[in-house]
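Student: coords please:
(2 chains)
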Amino acid sequence: MAPILSIADLTVSFSQPDRSIFAVRQVSLAVAARECVAIVGESGSGKTQIFMAAMGLLAGNAAAQGSVRFEGSETLGAPAPRLNRIRGSKLTMVFQDPMTSLTPHLKIGIQLAEVLVCHAGKSWSEARIDARRMLERVRVPDPARRLNQYPHELSGGLRQRVTIGMSLLCEPLLVIADEPTTALDVTVQAQIIDLLRAMREEVGMALVLISHDLGVVAGLADRILVMYAGRIVESADSAELFRDPRHPYTAALLKCIPSLSGPRLERLPTLPGQPPQPSDLLDGCAFAPRCPRAAERCRVERPLLRDAGDAIENGGARRVACHFPLSP
Amino acid sequence: MNSLVADAARRLRSNPGAVCALFVTAGLVALALFGPGFNPNGSETLDWLHVASQPALQSAHWFGTDRLGRDLFARTLEGTRVSLAVGVVASAVSLSVGISYGAVAGYVGGRTDHVMMRIIEILSGLPLIFFVIFLTVIFGRSESLLFLSIGAVGWLTMARIVRGQTMSIRGREFIEAAVASGAGTARIIAKHVIPNIIGPVIVYATLTVPQIIMFESFLSFLGLGIQEPHASLGTLIAEGAGEMEAAPWILLVPGGFLAVLLLALNIFGDGLRDALDVKER
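Tutor: Here you go, the predicted model:
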């Protein structure tokens, strides 16, 4: 089946007066219908910028090369009117901080209905009824009252439910959730993840989950892409990635997750060193300076993302960018 | 917004100066609108028996007459009405031009913003007085044109304020979310940007009204504004200034009205700013 979103060789750079900063370097990925793909990486690894480019939201000084196709048509560099036909209806986004992603002076009902009026051509009264129904579906208690409230009258968790509801109003094909739980506290995080899971079953949209937290994506994602310094370093089915990580960076990340069972550690394990500056042009593997397995070859020749050796028996989903991957 | 307005209203009510100023302003407006109905003297009727007579409550002319025998009370009320109208209309013109210009410049940014701001700088480099004089010379003297031309030069500061406010919220996440929801630029500016910056804009607008009244009085004082037989406070003051030694009330009555009106509007504007200012909470 043809993927809904396919990104090929995407490079995003930001020009500064004295240099260029590369946030995303030659990333290729595809999202199939109804699939949930998680993009995991630390701050600055470029995970958000990939989708900012896909939605035409890049900052003014950014340049993007490559190709982003949504339902077969190119969105990179597409004119705003054409983007506006898909943004908000077929391709939607949930932002990190629900405190700031709702317009403060507009009532919830108006903000939700506006999406339907704009994209589905409904009248305001019809749109309002649909908005109330959507609030029910995203489990907002007392939806009729919420419609007449302002964003600041709602708690963070409720607001994120509202933004998720807003993203689903026009039955999207793909929802991009950019760290949807990061600004919320832990118990609410779990509720929001449950909600996203339930909505996937109900609505059947594909979901891209951007996160720095492997724990958040573990139960939700079908496939996980691990990013480091602007590149994808490993791609695997969710369960397999946790069972046997191949890239040393993924393995190190997994070790950093504190476990509830097992011996209590004095200190959490950490990764020594810093990720490379995004302005550096590297010959070798970006992770080499921090990698326990790095050899001379890693510093001079950049490893490409290729099928791991056991690809056939695992269905071909496994890809890793490492000269010396961990063995299963 | 409701709670914001209610909150601001409560804070305004607890400010005695502002409440006083509001009542004084409302009183003057009511007087200017309805006062002539209670005054038997028309503003253009000449009373040859009482030329330049002193103010006296028991006579027919409460505030006296000018040197043509016209009732000063009637003329002052007409002047107040005209001055208020100039203030309101010209503020509305500068408000609408300033908001749309500033919001577009601030939101679109980049080269558009550059060009638009340079235009503002060029315009504000021109002496306002000459600009208004040019406009009245080219298009002739009419009251509506005077309203428009004062408004047309008054929008520059408003546009700057709106641009600054717009830039400060342009980077906010809800604007990005609106873009990601497929809203066009015009819709975002009209629905998501302008309502968010309206607080400081309203405050500035209330402070613009007295400025513009002052400016109009100044133009009229120079003889460029409202023409006889119509009167604004400025023309009345200009007339009174000529008779200052012999009949000081011809100057003092309209002058007093102008002073009280400006004071009340300024105090009210300050009170409104304090009430709406989020920073002082």
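Student: Could you use CA atoms for every contact and neighbour count after this?
Tutor: OK.
Student: Nearest residue to the middle of the chain?
Tutor: With no chain named, the answer covers chain A. Note on chain A: the residue nearest the mean C-alpha position is A:Ile210, at 2.3 Å, using CA atoms, centre = their mean.
Student: hm, I was asking about chain B
Tutor: Centre-nearest of chain B using CA atoms, centre = their mean is B:Val209, 2.0 Å out.
Student: and it, helix, strand or coil?
Tutor: The local conformation at B:Val209, judged by DSSP: H, G, I helix; E, B strand; the rest coil, is helix.
Student: hang on, isn't it packed against B:Ala92?
Tutor: No. In this structure, B:Val209 is not within contact of B:Ala92 by CA atoms under 8 Å, at 9.2 Å.
Student: Would you map the strands across the stretch 101-250 of chain A?
Tutor: Listed in chain order, the strands of the stretch 101-250 of chain A (DSSP state E, counting those that start in this stretch) span A:174-178, A:206-211, A:223-228, A:231-237.
Student: who does the second one pair up with?
Tutor: Neighbouring strands of strand A:206-211 in its sheet, by DSSP bridges, are strand A:36-40 (parallel), strand A:174-178 (parallel).
Student: Flag every buried residue along stretch A:118-135.
Tutor: In terms of neighbour count (16 or more other CA atoms under 10 Å in any protein chain shown), stretch A:118-135 has its buried residues at A:Cys118, A:His119, A:Lys122, A:Ala127, A:Arg128, A:Asp130, A:Ala131, A:Arg132, A:Arg133, A:Met134, A:Leu135.
Student: got those residues as TSV, with pLDDT and distance to A:Val203 columns?
Tutor: Below are those laid out as TSV (pLDDT from 0 to 100; distance: CA to CA, whole Å):
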residue	pLDDT	distance to A:Val203
A:Cys118	88	21
A:His119	89	18
A:Lys122	89	20
A:Ala127	92	18
A:Arg128	93	20
A:Asp130	92	15
A:Ala131	93	15
A:Arg132	93	17
A:Arg133	92	14
A:Met134	92	11
A:Leu135	93	14
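Student: Out of these, which are close to chain B?
Tutor: A:Cys118 (CA under 8 Å from any CA of the partner chain).
Student: Next up, the contacts around the residue nearest to A:Leu147 when sequence neighbours are not counted.
Tutor: Closest residue in space to A:Leu147, ignoring its immediate chain neighbours: A:Gly109 at 4.0 Å, by CA to CA, 6 or more residues apart in numbering or on different chains. Applying CA atoms under 8 Å, 6 or more residues apart in numbering or on different chains, we find A:Gly109 in contact with A:Arg128, A:Ala131, A:Arg132, A:Arg146, A:Leu147, A:Asn148, A:Gln149.
Student: Spit out the contact partners of the third one.
Tutor: Contacts of A:Arg132 were listed using CA under 8 Å, 6+ apart, and they are A:Gly109, A:Pro143, A:Ala144, A:Leu147.
Student: Surely the last one is in contact with A:Leu106?
Tutor: No. In this structure, A:Leu147 sits apart from A:Leu106 without contact. The criterion is CA under 8 Å, and the distance is 10.2 Å.
Student: related to what we said a few turns ago, out of the strands paired with strand A:206-211, flag the one nearest B:Ala264.
Tutor: With CA to CA as the criterion, B:Ala264 lies closest to strand A:174-178 of the strands paired with strand A:206-211, at 51.9 Å.
Student: re the thing from before, relative to A:Gln65, how far out is the residue nearest to A:Leu147?
Tutor: 39 Å (CA to CA, to the nearest Å).
Student: now B:Pro200
Tutor: 42 Å.
Student: Repeat that for B:Ile267.
Tutor: Distance from B:Ile267 to A:Gln65, by CA to CA: 57 Å.
Student: And for A:Pro245?
Tutor: 30 Å.
Student: Same check on B:Gly242?
Tutor: 76 Å.
Student: Settle it for me: which of those two has more neighbours?
Tutor: Between B:Gly242 and A:Gln65, counted using other CA atoms under 10 Å in any protein chain shown, the more crowded position is A:Gln65 (17 against 13).
Student: thinking that one is in contact with A:Ala8, fair?
Tutor: No. Look at A:Gln65 against A:Ala8 with CA under 8 Å: they stay out of range, at 9.4 Å.
Student: and the stretch 51-200 of chain B, which residues reach chain A?
Tutor: So far as CA under 8 Å from any CA goes, the stretch 51-200 of chain B lies against chain A at B:172-177, B:179-184, B:192, B:195-196.
Student: neighbours around the closest residue to A:Pro104 other than its chain neighbours, how many?
Tutor: Excluding its sequence neighbours, the residue lying closest to A:Pro104 (CA to CA, 6+ apart) is A:Pro151, at 5.9 Å. Neighbour count for A:Pro151, taken as other CA under 10 Å: 25.
Student: So for A:Pro151, what's the pLDDT?
Tutor: Looking at A:Pro151, its pLDDT is 89.
Student: list the contacts for it?
Tutor: Counting by CA under 8 Å, 6+ apart, A:Pro151 has contacts A:Met99, A:Leu102, A:Thr103, A:Pro104, A:His105, A:Leu106, A:Lys107, A:Ile108, A:Arg159.
Student: what sits against B:Trp155?
Tutor: B:Trp155 neighbours (CA under 8 Å, 6+ apart): B:Val93, B:Ser94, B:Leu95, B:Val97, B:Gly98.
Student: which bits of chain A sit near chain B?
Tutor: So chain A meets chain B at A:55, A:57, A:80-81, A:83-89, A:92-93, A:95, A:100-106, A:115, A:118, A:150 (CA under 8 Å from any CA).
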